[in-house]
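K.L.:
Structure for this input, please:
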Amino acid sequence: MAHSQPQDLPSCDAYFDSIQYKKNLPESLQRSLTHAFKIIPVSAFPEVPCGEVIEIHGDMPILEAVRVLSDNHIMAAPVLNPEPIPRQYGWQSRYLGILDYSAIIIWLLQNVDTAALSLAACGSAVVNCGATISWQKRSPVASPRAAKDETGSDKSDVDKDETGSDVASPRVAKPGVDKDESGSDKSGGDKEETGSVVGDFGVADEEEEPELEDIGSEMAEHLGEEIFGVLFEEEPFKSATAKKVVKKYRFAPFLPVVPESSMLTVLLLLSKYRLRNVPVVQNEGPLIINFITQTAIIRGLEKCKGRDWFDFIAKKPLTDFGLPFMSVDEMVSVNSDDLLMEAFKLMTENYIAGLPIFEGPNRKLVGNLSVRAVRFVLLRPDLFVDIRDLTVMEFIKTVGSAIPESGLSDPPLTCGPNDTMGSIIEKIASRYVHRIYVVEGNGTEPQMVVGIITLRDIISCFVTEPPDYLQNYLRDTVESFHQEIGEDGRFFGAYY
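P.N.:
This is a model prediction of the structure:
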């Protein structure tokens, strides 16, 4: 497999330097925290539940991979190389990378339009074929329209709680497990007594030719319903696997640490350097033995209540940290009537994991759209007629009504500009969300969004980076893994 050479890593200094300048912590406390995090080994961090990281087999169909992420309430998972690799080759050969919802969204965006074009082409051929048959037979017998087969809907248990918790259970997902049965329309139309097939459009009257425009219109109405049949039952979409998606649409970087690495390294990777997760690999073996996420760090900080250093920081107001770092004018957002696919496109173009949903001229905050919402598009296609014409709010209401426990229609998490750091950590840890919106306004006035606080922002408030601390590590790790960088040169993950 060809690999591109490591390119210059993008500078993350501007964001992080701004945070260090804004936060109002005693220098002595900051030095003490940095030293403490530096001497704490990664091995001291709690393991994932049951001590085993979820891994996705490279040959697993992408729909099954989405189901694995959804069922285990995780945002991402390492992808195993399906080729047999000798153990002595290490983790560099065992893993292809990290599959996350952002990569899946990029794959979906590219293939939905292609599937629609494929359907349109097939539909045109069917119309012409059906018309020819009808003209030749000129049968006076009219056949009722064949009933549409309903096996295309996914009836599996995917309506899990939308907690967003970055936890895993002890299971290695392999191809063929819990395979989705959704697919294309199985209806073959009715048959006449002669055994010849009467198409889905019936047989033309003896004196009349079929109305091709009407036929095309009727097919267009069902185009959205059939897109997922094409995506998962027709080539080249049918053969889409986790391996192909993670190689072509790589979004999350693979930068592992070892048990002896410093927790300061992990905290910096998850804050300054924009990563959402950090795999922990064996010293002498090829396995990932832990998977540390931003959410896990926030939950870990919450458990530090009662310690002097944490309580000192927790009682400080957000303004003492310069939070929010991002104002409402800097936020990437969508309106409630914007198209869902355009919202997903915005996320990938701006390397972000969620968007606020505004409504009306006063930009009222009415919702939050996360990258993990794409699982409902893929696992519950029976809920939508045509996802290409689906608005953000239609999507939120549809999923919220059909799957109340999804949490998709819950009000966005908010806080006030004078709330304390401790209260923010508690709110985020309890809801397993990745962002909280800062609002102003009292009971008599509508609340206005003035900014956003992300997991990355919170972690950044607790750490500083000694001069050039991670530069050598980053370059050595990239070179060791022979990291494939996308065509656009992007290597790092989302900003928030």
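
K.L.:
which other residues reach stretch 293-300?
P.N.:
Here stretch 293-300 makes contact (CB atoms under 8 Å, 6 or more residues apart in numbering) with 45-46, 75, 164-166, 266-267, 270, 276-278, 425, 428-429, 432, 434, 455-456, 458-459. Backbone N, C-alpha and C define where each C-beta goes, glycine included.

K.L.:
and Val449, what element?
P.N.:
Taking DSSP states H and E as the definition, Val449 sits inside strand 448-454.

K.L.:
so what does that strand touch, helix or strand wise?
P.N.:
strand 326-327, strand 354-359, strand 435-440 (3 or more CB pairs under 8 Å, 6 or more residues apart in numbering; DSSP states H and E).

K.L.:
Render the CA-only coordinates of the helix or strand following that strand in CSV, please.
P.N.:
For strand 448-454, the succeeding helix or strand toward the C-terminus, using DSSP H and E, is helix 455-460. Extracted in CSV, the C-alpha atoms of helix 455-460 (Å, rounded to 0.1, in the frame of the first residue of the first chain):
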residue,chain,number,x,y,z
LEU,A,455,-15.0,19.8,25.4
ARG,A,456,-11.8,21.0,23.8
ASP,A,457,-12.2,24.4,25.4
ILE,A,458,-12.7,23.0,28.9
ILE,A,459,-9.7,20.6,28.7
SER,A,460,-7.6,23.5,27.3
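
K.L.:
Export the helices and strands packed on strand 448-454 to JSON lines and append columns for mean pLDDT and mean neighbour count.
P.N.:
Putting the helices and strands packed on strand 448-454 into JSON lines (pLDDT from 0 to 100; neighbours: other CB atoms under 10 Å) gives the following:
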{"stretch": "strand 326-327", "mean pLDDT": "88", "mean neighbour count": "16"}
{"stretch": "strand 354-359", "mean pLDDT": "94", "mean neighbour count": "20"}
{"stretch": "strand 435-440", "mean pLDDT": "94", "mean neighbour count": "21"}
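
K.L.:
ranges for the helices of the stretch 1-150 of the chain?
P.N.:
Assigned by DSSP state H, counting those that start in this stretch, the helices in the stretch 1-150 of the chain fall at 13-22, 27-39, 62-71, 91-94, 101-137.

K.L.:
show me what contacts the residue lying closest to Thr391 once chain neighbours are set aside?
P.N.:
Residue nearest to Thr391 in three dimensions, not counting chain neighbours: Asp337, with 5.2 Å by CB to CB, 6 or more residues apart in numbering. Asp337 makes contact with Thr391, Val392, Met393, according to CB under 8 Å, 6+ apart.

K.L.:
Roughly how far does the nearest residue to Asp457 once chain neighbours are set aside sit from Ile19?
P.N.:
Computed as CB to CB, 6+ apart, the closest residue to Asp457 that is not its neighbour in sequence is Phe325, at 5.4 Å. To Ile19, Phe325 is 6 Å away according to CB to CB, to the nearest Å.

K.L.:
Quickly list what's touching both of these two.
P.N.:
Here Phe325 and Ile19 have Asp457 as joint contacts, going by CB under 8 Å, 6+ apart.

K.L.:
Phe325 and Tyr21 touch, don't they?
P.N.:
No: contact criterion CB atoms under 8 Å: Phe325 and Tyr21 do not qualify, at 10.9 Å.

K.L.:
Neighbour count for those two, which is higher?
P.N.:
Between Phe325 and Tyr21, Phe325 has the larger neighbour count (other CB atoms under 10 Å), namely 21 against 8.

K.L.:
what's that one sitting at in phi/psi?
P.N.:
Note on Phe325: its backbone torsions stand at phi -70, psi -30 [degrees, to the nearest 10].
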